[in-house]
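Enquirer: only geometry, no sequence info:
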């Protein structure tokens, strides 16, 4: 009898693992990426609107999401330079700090996102229609180094990291100004009734 129970349990584990391996993941839609960026522009009143008095450019390129290994000693500074998996699982879901945005079951999906986004980069495509000042990152960086007398500045987003059910997201934003200054923020968002909403914000760096 014990042998039969052991055999049945082994078969159950084998089937469970097989099902887990065959889970089909999907990339988040481009419209969700654009909606998340729009939500942050509205939430933070980012001065990237063309009719804004002191309008800055928003990079049309999004920095790639990179998942760092747990033994990596390089601290992420700029958006897109990476985030450790253990830190990603500790992202706060609200200002109380008592709830986390992601769960351990999202870890496999994070690795899928990292590999998929290495092959397919996301770009900000639809925001110009809404009056947002969007330029390519290459041109922005050239403008930043063009002249020491002329101050240039711009915003750039990282690729958002989504939960497996694609109802939660984490994204980073940096503001680069005149080569010698800048700051960064991270945002936690939730999709409620089809609309993305910022639920938490933190400063990631300031210089």
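Expert: It's in. Because the structure is a prediction, the values reported are computed rather than measured.

Enquirer: and the most centrally placed residue in the chain, what does it touch?
Expert: Centrality entry for the chain: nearest residue to the mean C-alpha point is residue 160, 2.2 Å, by C-alpha atoms, centre = their mean. Residue 160 sits next to 28, 33, 36, 65, 169, 170, 171, 189 when contact means C-beta atoms under 8 Å, 6 or more residues apart in numbering. Yep, even glycine has a C-beta here, placed from its N, CA and C like the rest.

Enquirer: which of these are the two that sit furthest away from each other?
Expert: 65 and 189 (14.8 Å; C-beta to C-beta).

Enquirer: including pLDDT and secondary structure, could the contacts of residue 160 go into CSV?
Expert: Compiled in CSV, these are given as follows (pLDDT from 0 to 100; DSSP: H, G, I helix; E, B strand; the rest coil):
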residue, pLDDT, secondary structure
28, 90, coil
33, 91, helix
36, 95, helix
65, 80, coil
169, 96, strand
170, 95, strand
171, 94, strand
189, 97, strand
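
Enquirer: tell me the one of the residues you listed nearest residue 97?
Expert: Among those, residue 170 lies closest to residue 97 (C-beta to C-beta), at 15.0 Å.

Enquirer: separation between the closest one and residue 26?
Expert: Distance, residue 170 to residue 26, using C-beta to C-beta, to the nearest Å: 18 Å.

Enquirer: and if you look at residue 105?
Expert: According to C-beta to C-beta, residue 105 and residue 26 sit 16 Å apart.

Enquirer: could you do residue 196 as well?
Expert: Separation of residue 196 from residue 26 (C-beta to C-beta) stands at 17 Å.

Enquirer: after the helix or strand harbouring residue 141, next one along is what?
Expert: Per DSSP states H and E: residue 141 is located in helix 137-144. Sequence-wise, the next helix or strand downstream of helix 137-144 (DSSP H and E) is strand 153-157.

Enquirer: what packs against that next one?
Expert: In terms of contacts (3 or more C-beta pairs under 8 Å, 6 or more residues apart in numbering; DSSP states H and E), strand 153-157 is packed against strand 57-59, helix 137-144, strand 168-177.

Enquirer: which of residue 170 and residue 26 has more neighbours?
Expert: Legend: neighbour count by other C-beta atoms under 10 Å for residue 170 and residue 26, higher for residue 170 (24 against 11).

Enquirer: the more buried one bridge partners, please.
Expert: Residue 170 has these beta-bridge partners by DSSP bridges: residue 161, residue 188.

Enquirer: ok, now how distant is it from residue 185?
Expert: Noted for residue 170: a distance of 12 Å to residue 185, by C-beta to C-beta.

Enquirer: residue 191 now?
Expert: For residue 191, the distance to residue 185 - C-beta to C-beta - is 20 Å.

Enquirer: same deal with residue 171?
Expert: On the measure of C-beta to C-beta, residue 171 and residue 185 end up 9 Å apart.

Enquirer: tell me which of the two has more neighbours.
Expert: residue 171 (24 against 18).

Enquirer: what distance do you get for residue 143 to residue 128?
Expert: Computed with C-beta to C-beta, the distance linking residue 143 and residue 128 is 18 Å.

Enquirer: tally of neighbours for residue 96?
Expert: If you count neighbours by other C-beta under 10 Å, residue 96 ends up with 8.
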